[in-house]
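J.: Give the three-dimensional model of this entry:
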Amino acid sequence: MRNIVVIGVALVSLAGCATVVRGTTQTVAINTPGVTGATCTLNSSSIGSQVVKTPGVVSLAKGSSAVAIRCSKECYSDGIGTLASNTDSMAAGNVLAGGVIGLGVDAATGAMNQYAPQADIVMTEDGLCRASAPPPASKRRR
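T.: Okay, here's the model as predicted:
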C-alpha cells in the first residue's frame, strides 16, 4: 500500500512537466532587418496586444494561438508576419510521466506550446520620403 501512495505522489508531482520545467512565458526577439526603430504590435488571444521597438525582445505568454505582427515606421511600408505556435517536445514527456493530468495542466497553462525564438519582419522603403528630401549638396545649383 505504501508503494502505491509513493508512486501516486511521484506521478502527481510530475504532472505539468513543461509547466514546471519551461514555464508559461517565453522571450522572443523581434527584428526588422535593415530598419531600426520600427514599432511592432503583436496580437493574439493568448497574449492580447503588446508593442515593442526594433530590435527588441518581448516576453509572451505561451498559448496555442499564432501571434500576428505588424511593424511600422515613417518612410517604410508596413511589414507583417506571423509567429506560429508549435507543440513543445516536452509535452511528449507527459505521456510517459505525467499522463493525462500533466498533459491537461500543460495545455491549460500554455506551457505545451512554444514560439520561434526570433521573428524577422521585412520592411521596404515606400519611396515617399526620398522624393520630398532635398537633393545632396553636390547636386544643388549654385
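
J.: and the strand or helix carrying Cys40, which strands flank it?
T.: Here Cys40, judged by DSSP states H and E, is contained in strand 39-44. Note on strand 39-44: by DSSP bridges, its sheet partners are strand 48-53 (antiparallel), strand 67-72 (antiparallel).

J.: Dump those into a markdown table; add mean pLDDT, mean neighbour count and distance to Thr39 as well.
T.: Any C-beta I mention is one placed from the backbone N, CA and C, and that applies to glycine too. Converted to a markdown table, the strands paired with strand 39-44 look like this (pLDDT from 0 to 100; neighbours: other Cβ atoms under 10 Å; distance: least, Cβ to Cβ, whole Å):
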| stretch | mean pLDDT | mean neighbour count | distance to Thr39 |
| --- | --- | --- | --- |
| strand 48-53 | 96 | 13 | 6 |
| strand 67-72 | 97 | 19 | 6 |
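
J.: Compare the ones you listed and report which one is nearest to Gln26.
T.: Checking these against Gln26 by Cβ to Cβ gives strand 67-72 as the closest, at 10.8 Å.

J.: got the angle for whatever helix or strand comes next after the closest one vs strand 67-72?
T.: Counting by DSSP H and E, the next helix or strand C-terminal to strand 67-72 is strand 79-83. Relative orientation of strand 79-83 versus strand 67-72 (axes from the mean of the first three to the mean of the last three Cα atoms, to 10 degrees): 160 degrees.

J.: For strand 79-83, which residues meet the burial criterion?
T.: Gly79, Gly81, Leu83 (16 or more other Cβ atoms under 10 Å).

J.: Cool, thanks, signing off.
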